[in-house]
Structures are given as C-alpha cells and as structure tokens.
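A.B. asks: 3D model of this:
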Amino acid sequence: MLYNTAAARGRVPSPARQELRHRLETLARLHRVPGAQLVLDTGSEVVSLHTGTADAGTGAPFTEETAVPLGSLTKPYTAALVLLLAEDGDLDPDDPVAEYVPELRDLPQLTIRQLLSHTGGLPTGPDSDAAARTTAAHYLSSVCTAQDALFAPGTDFSYSNAGYVAAGRLVESVTGMPWCEAMEALLLEPLGTVPAFLGSATVRPVAAGHALNTATGQVRPVRQNLAPLEAPAGALLASAEDLAAFGGALVGRTAALPPVVAKELRHAELAADPGALADGWGLGLALFRQDEKLWCGHDGNAQGTSCHLRVEPDTGTVVAFTGNAGAATALWRELADDLERIAGVRVPTVVEPADAGEPVALPDCAGSYANGGTRYRVASGPGGPPTLSVDGDVPIPLRCYPDLSFDLVDPGTGRRESGGRFHRDSRTGVIDRVQISGRTARRTGHA
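C.D. replies: Reported below is the predicted structural model:
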C-alpha cells in the first residue's frame with residue numbers, strides 16, 4: 001500500500017511498489033519467514049508493504065499495524081529518551097552516571113555519554129534467564145564494577161545490555177516514572193506510536209517470533225524470555241511504520257525529536273570503534289558508511305524476530321524492516337540488495353570484510369578471554385589458522401591480518417564475515433583484549 005505522511009508529499013504512485021511487494025513476498029517464502037513489513041521513505045514518497053501471518057499458531061494476519069518485538073532496536077529509543085531529558089535540563093550527557101544511578105558508584109568516571117555509546121567498558125551482562133532471578137539494583141551493582149570493567153571509560157567500544165539497563169534506571173531516577181511510562185509519555189506519544197512492550201497488555205495486534213523446526217520444516221511460535229529489568233535494552237514492540245516515524249524524527253521530519261537531540265544521537269563518538277557491528281557509533285545509533293554517505297540506524301533481534309532501521313540524514317531517506325523469524329535477517333539483507341536495483345536506494349546492512357592484506361598466523365593471540373560471564377577461547381591449530389570458541393561451543397576458524405583484525409570463516413563454505421580485532425597493550429605490546437562482533441573481552445590467560 002502507498003500512504004501519505006504529509007499532504008506536500010502527495011500520492012504519486014511508485015513504479016517500484018509492485019516489484020518490491022513481489023520481492024518481499026517471494027523472499028519471505030524462500031526464507032520461511034511467516035510475516036514481514038517494509039517501509040521505504042525517500043522524503044517525497046513513502047511505500048509501505050506487509051505480507052504473511054503474525055502468528056503461525058493462530059493464523060492472525062500480518063498488517064501494517066502489527067507490532068513486532070524489536071529486541072535491541074529498543075536501545076535507540078531509550079537513548080533518545082535520555083537526551084530528551086537532557087534537552088529539558090534534567091541532566092547533562094557528560095554527567096557521571098553514578099550521580100543518578102547509585103549502583104554504579106564503583107565506576108565514578110563513567111558518564112552518561114559513554115553509557116549510551118557503549119564506550120564505558122561495561123560487560124554485556126548475564127543472560128535473560130539469570131537476569132530474571134534478580135533485581136535491577138542487584139544486577140547493576142554486581143555487574144558494573146571496577147573489577148569487571150573491560151577498559152577505562154571512553155577508550156574503546158564494547159556493546160553492553162547492562163549499559164542500557166543502567167540507562168533505564170537513570171530515566172526512572174530523573175522522571176520518577178517507570179521506564180515504560182516515561183517512554184510512552186515523552187517519546188512514543190509524540191511519535192504517534194501506540195505503545196507495546198513485552199510482558200504488558202496492548203490494544204494493538206502483536207506478532208509472535210518464530211523458529212524453524214528442522215525435523216518438520218515448519219515454523220513454530222516461540223516464547224520471548226527478556227527479563228523485566230532488561231526492558232530498556234529490548235522490550236519495545238513496533239511496526240515498520242513506527243520505526244520509519246522514528247527515523248523521520250531523526251532527520252527532522254517531525255517535531256518529536258528537537259534537532260539538537262537528533263544531531264546528538266547521530267554524532268559519532270571518537271572512542272566508539274565497533275568493528276564488525278558498524279563503522280562507528282553515536283549515542284544509541286550505529287553509523288554506517290556507504291558511497292561517501294553516513295547512514296545511521298540499528299538492528300534488533302528478539303526471540304525469533306529480526307528488525308532493522310536505516311536513515312540517511314542528508315537526503316532524508318528512511319528504510320525500516322521487521323520480520324517475525326530469525327531467518328528474517330537473511331531476508332533483510334537480500335531485500336536491501338533489491339532496493340538498490342528496484343528503487344535506486346543502496347542501504348548498508350553489514351560491515352564487509354576489509355582487504356587487510358595477506359593473512360598471518362598471529363600465534364600470540366592464543367589464550368582465554370572473558371566478558372562478564374562469557375568465556376572465549378582462541379587456540380592455535382597445528383599447521384592451520386587460529387580458532388575461536390565461545391563458552392565451549394564448536395570452534396570457528398579465524399583469518400587474521402597484520403593490523404590485528406580478523407574474519408570469521410564458515411568451516412563449511414569458507415565464506416568470510418568481519419569478526420573483530422585483537423588489541424595490544426600500548427606499554428607491553430602484549431595482546432590483552434579481543435573484540436568479537438562488537439563485544440570486547442579481556443584476556444584472562446595465555447595458551
């Protein structure tokens with residue numbers, strides 16, 4: 001369907017709309033994704049499409065209003081909420097977080113800016129099952145300690161759910177409201193988004209996440225397991241049209257975000273080098289370079305969902321996608337390629353492996369590393385490349401380069417994906433950290 005968001009943008013039919021609809025439906029079938037939504041907003045025209053079912057168990061249809069669990073795409077909304085409080089004079093992004101969140105008193109130098117940009121050195125935090133058995137106060141005081149810090153605040157990047165649990169506590173401390181109530185009143189309502197949160201009742205239709213049953217070849221609904229205290233990091237549900245409205249606010253198309261807030265969200269933080277996740281990071285937003293343009297956005301995966309937002313501020317182009325299966329990530333990447341061919345919009349999806357020269361053995365990377373409770377093991381294979389295993393899982397071969405970056409190599413196909421990089425201590429020259437898919441782990445032992 002083609003819809004208006006402003007009279008000045010008109011109802012000019014898009015010649016690409018039918019082909020985009022065909023590709024969305026075809027790819028959804030190919031990847032066994034029950035339902036998906038796509039919005040393409042070029043600034044002068046908006047195309048909104050949806051297909052399939054919201055819940056394979058009930059057969060409920062996927063509509064343009066269906067809200068999908070966003071997972072980590074909640075984080076940019078939480079960051080925007082914090083900056084709206086800053087715009088009102090309630091806080092300063094460079095204030096120490098401990099002024100508002102006493103559970104972080106062990107990290108007195110950690111600022112709100114570093115919290116939102118994942119440059120504070122916080123570990124990622126325990127899994128949702130463990131988080132569900134504790135309180136937010138105990139969670140933060142036990143995870144956000146000087147002993148567990150991965151690096152000095154403001155000197156590196158490590159993606160952290162714990163940081164956004166702290167951001168939610170900050171919102172509650174400043175506003176006196178639960179995070180979800182503050183989110184609804186200060187951001188969702190101005191955006192025109194009907195609120196929906198995991199674990200809460202809502203008046204709008206909601207999509208289930210889905211997993212593939214490999215024995216039967218059928219998809220089945222799955223249960224969301226996010227702990228309530230993790231809500232600021234991943235509890236929001238929204239449609240692609242809702243995501244597009246947020247994207248429009250990021251480029252000044254609506255008044256929901258003041259220009260100074262939108263600019264601050266998009267501003268690249270100097271210490272934020274997220275490696276394989278993106279080309280840079282702002283306050284809550286990933287930054288992607290594509291054809292000499294800087295896009296911003298975020299990706300989110302809940303249980304059995306995959307959601308994506310991309311915004312190009314110079315042209316005002318916004319692309320939003322939701323899918324209710326884990327395989328929707330592959331669907332999104334293929335659909336992004338189709339957008340370039342069909343609509344002339346080249347959307348960044350992943351960081352491609354860089355041409356970093358000939359691979360090297362890098363034997364001194366072998367050893368054990370830790371990020372909170374997650375354990376990583378790098379082993380030097382006899383006569384082969386080093387391998388990486390996470391919490392004892394099957395080792396994955398690494399292709400390492402002289403600049404200490406590495407690719408992950410699929411052992412079956414040989415396909416490479418950007419994996420991350422090792423770090424050498426500037427004083428000793430010894431490898432002391434590894435960043436894997438945006439998360440940094442501190443070295444705890446040598447091979």
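
A.B. asks: so residue 183 is in which element?
C.D. replies: Here residue 183, judged by DSSP states H and E, is contained in helix 179-183.

A.B. asks: same for that helix, what does it pack against?
C.D. replies: Where contact means 3 or more Cβ pairs under 8 Å, 6 or more residues apart in numbering; DSSP states H and E, helix 179-183 is packed against helix 74-87, helix 161-175, helix 231-234. Glycine gets a C-beta too; all of them are placed from N, C-alpha and C.

A.B. asks: what's the neighbour count on residue 106?
C.D. replies: 15 (other Cβ atoms under 10 Å).

A.B. asks: now do residue 281
C.D. replies: Residues lying near residue 281 (other Cβ under 10 Å) number 26.

A.B. asks: Report pLDDT for the residue nearest to residue 72 when sequence neighbours are not counted.
C.D. replies: Once flanking residues are discounted, residue 72 sits nearest to residue 300: 4.3 Å by Cβ to Cβ, 6 or more residues apart in numbering. Here the pLDDT value assigned to residue 300 is 97.

A.B. asks: what's the answer for the one 10 residues further on, then?
C.D. replies: The model reports residue 310 with a pLDDT of 98.

A.B. asks: And it, how far from residue 323?
C.D. replies: 15 Å (Cβ to Cβ, to the nearest Å).

A.B. asks: Which residue of the two possesses the greater neighbour count?
C.D. replies: Regarding residue 310 and residue 323, a neighbour count based on other Cβ under 10 Å identifies residue 323 as having more, with 35 against 26.

A.B. asks: surely the residue nearest to residue 72 meets residue 307?
C.D. replies: Yes. Counting by Cβ atoms under 8 Å, residue 300 does reach residue 307; the two are 4.6 Å apart.

A.B. asks: what do the two both touch?
C.D. replies: 70, 71, 73 (Cβ atoms under 8 Å, 6 or more residues apart in numbering).

A.B. asks: any idea how far the second one lies from residue 395?
C.D. replies: If I follow you right, that is residue 71. For residue 71 relative to residue 395 (Cβ to Cβ), the value is 27 Å.

A.B. asks: Please apply the same query to the last one.
C.D. replies: To residue 395, residue 73 is 31 Å away according to Cβ to Cβ.

A.B. asks: Looking at these two, which has the bigger crowd around it?
C.D. replies: The neighbour comparison of residue 73 against residue 395 (other Cβ under 10 Å) goes to residue 73, with 27 against 16.

A.B. asks: Which residue is the nearest non-sequential neighbour of that one?
C.D. replies: Using Cβ to Cβ, 6+ apart and skipping residues adjacent in sequence, the residue nearest residue 73 is residue 300, 3.0 Å away.

A.B. asks: For the one you found, the count of nearby residues, please.
C.D. replies: Counted with other Cβ under 10 Å, residue 300 comes out at 23.

A.B. asks: for the one 3 residues further on, same thing?
C.D. replies: Using other Cβ under 10 Å as the criterion, residue 303 is surrounded by 19 other residues.

A.B. asks: And the helices in the stretch 151-300 of the chain, which stretches?
C.D. replies: Using DSSP state H, counting those that start in this stretch, the helices of the stretch 151-300 of the chain run over residues 161-175, 179-183, 189-191, 231-234, 240-250, 259-266.

A.B. asks: Buried residues, the shortest one. List them.
C.D. replies: The neighbour-count criterion (16 or more other Cβ atoms under 10 Å) identifies residue 191 as the buried residues of helix 189-191.

A.B. asks: and it, what does it pack onto?
C.D. replies: Using 3+ Cβ pairs under 8 Å, 6+ apart as the contact test, the elements touching helix 189-191 are helix 240-250.

A.B. asks: Also the first one?
C.D. replies: Helix 161-175 is packed against helix 74-87, helix 112-116, helix 136-143, helix 179-183, helix 231-234, with contacts defined by 3+ Cβ pairs under 8 Å, 6+ apart.

A.B. asks: Alpha carbons only: can I get the second one in PDB?
C.D. replies: Written as PDB, here are the backbone C-alpha positions of helix 112-116 (Å, rounded to 0.1, in the frame of the first residue of the first chain):
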ATOM      1  CA  ILE A 112      26.000   9.100  30.500                       C
ATOM      2  CA  ARG A 113      27.500   9.700  27.100                       C
ATOM      3  CA  GLN A 114      29.800   6.700  27.500                       C
ATOM      4  CA  LEU A 115      26.900   4.600  28.700                       C
ATOM      5  CA  LEU A 116      24.800   5.300  25.600                       C
END
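
A.B. asks: List the contacts of it.
C.D. replies: Contacts to helix 112-116, defined as Cβ under 8 Å, 6+ apart, come from residues 79, 82, 86, 91-97, 100, 119-122, 153-154, 163-164, 166-167, 170, 269, 271, 283-284.

A.B. asks: Over to the first one?
C.D. replies: Helix 74-87 has contacts (Cβ under 8 Å, 6+ apart) with 91-93, 112, 116, 164, 167-168, 170-171, 174-175, 179, 182-183, 186-188, 231-236, 246, 257-258, 260-261, 264-265, 283-285, 298, 300, 309.

A.B. asks: The same query, at a cut-off of 6 Å, please.
C.D. replies: For helix 74-87, contacts defined as Cβ atoms under 6 Å, 6 or more residues apart in numbering pick out 91, 93, 116, 164, 167, 171, 174, 183, 186-187, 232, 234, 236, 258, 261, 264, 283-285, 298.

A.B. asks: Give me the distance between that helix and the centre of its chain.
C.D. replies: Relative to its chain's centre, helix 74-87 lies at 15 Å (Cα atoms, centre = their mean, to the nearest Å).

A.B. asks: Can you mark which positions in it are buried?
C.D. replies: 74-86.

A.B. asks: Could you tell me the angle between it and helix 161-175?
C.D. replies: 30 degrees (axes from the mean of the first three to the mean of the last three Cα atoms, to 10 degrees).

A.B. asks: OK, contacts around the closest residue to residue 363 other than its chain neighbours?
C.D. replies: Nearest residue to residue 363 in three dimensions, chain neighbours excluded: residue 380, at 5.2 Å (Cβ to Cβ, 6+ apart). Contacts for residue 380 (Cβ under 6 Å, 6+ apart) come out as 363, 366, 386.
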